[in-house]
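A.B. asks: Okay, sequence plus prediction incoming.
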Amino acid sequence: MLKEFKEFLMRGNIVELAVAVIIGGAFKAIIDSLVNDIISPIIAMVANTGDIAAVSFRLGSAQIGIGAFIAAIINFVIVGAVLFLIIKGMNKASELAKKNQVEEAAPAAPTAEDYLKEIRDLLANK
């Protein structure tokens, strides 16, 4: 059972998933810092509040706090855009690799000179 567990853990997909989770966590920390330390203060400054969480508006008798929600939306959009660019780049690289493999695998087409040499050799053998 221990051997099977080791094989399960060492499968390619499990290892790749673990790496993705670790990198995703580090990436999330970077994006959180970008939103909380750069973008949020700018929004708070424009809204004339000390903190983005304090950004709110009154709707009738209710106080609607939208600051943290706006920060979460910004966070989501940034992560989505970066992931889109990464996937787009990976797809492009994959297409180029496949194109290079197809070009390398295809034999060179015979030229007119090759045909003439073949005709010459056939006539010489007669």
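C.D. replies: Now that the structure is in, tell me what you want to look at. Numbers count the residues shown, from 1 in each chain.
A.B. asks: Any idea how many residues pack against V35?
C.D. replies: 22 (other Cβ atoms under 10 Å). C-beta here means a position set from N, CA and C on the backbone, and glycine is covered the same way.
A.B. asks: er, I74 actually
C.D. replies: 18.
A.B. asks: What helix or strand is it located in?
C.D. replies: According to DSSP states H and E, I74 maps onto helix 67-105.
A.B. asks: by contact count, what packs against that helix?
C.D. replies: If you count contacts as 3 or more Cβ pairs under 8 Å, 6 or more residues apart in numbering; DSSP states H and E, helix 67-105 packs onto helix 12-34, helix 40-46.
A.B. asks: Show me the shaky parts of the protein.
C.D. replies: With pLDDT under 70 as the threshold, the chain has low-confidence stretches at 12, 103-107.
A.B. asks: Recalculate using a threshold of 80.
C.D. replies: Applying pLDDT under 80 to the chain picks out residues 6-16, 43-44, 47-55, 68, 100-109, 126.
A.B. asks: ok, the residue nearest to the spatial centre of the chain - contacts?
C.D. replies: The chain has I86 as the residue nearest its centroid, 2.3 Å off, counting by Cα atoms, centre = their mean. If you count contacts by Cβ atoms under 8 Å, 6 or more residues apart in numbering, I86 has none.
A.B. asks: quick one on the thing from earlier: which SSE is immediately downstream of the helix holding I74?
C.D. replies: Next along from helix 67-105, by DSSP H and E: helix 112-125.
A.B. asks: Extract the C-alpha trace of that following helix and format it as PDB.
C.D. replies: Provided in PDB are the C-alpha atoms of helix 112-125 (Å, rounded to 0.1, in the frame of the first residue of the first chain):
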ATOM      1  CA  ALA A 112      13.100  20.100 -61.300                       C
ATOM      2  CA  GLU A 113      16.800  19.500 -61.200                       C
ATOM      3  CA  ASP A 114      16.200  16.200 -59.300                       C
ATOM      4  CA  TYR A 115      13.800  15.100 -62.000                       C
ATOM      5  CA  LEU A 116      16.200  16.000 -64.800                       C
ATOM      6  CA  LYS A 117      19.000  14.000 -63.100                       C
ATOM      7  CA  GLU A 118      16.700  11.000 -62.800                       C
ATOM      8  CA  ILE A 119      15.800  11.200 -66.500                       C
ATOM      9  CA  ARG A 120      19.500  11.600 -67.400                       C
ATOM     10  CA  ASP A 121      20.300   8.500 -65.300                       C
ATOM     11  CA  LEU A 122      17.500   6.500 -66.900                       C
ATOM     12  CA  LEU A 123      18.600   7.500 -70.400                       C
ATOM     13  CA  ALA A 124      22.300   6.600 -69.600                       C
ATOM     14  CA  ASN A 125      21.200   3.100 -68.500                       C
END
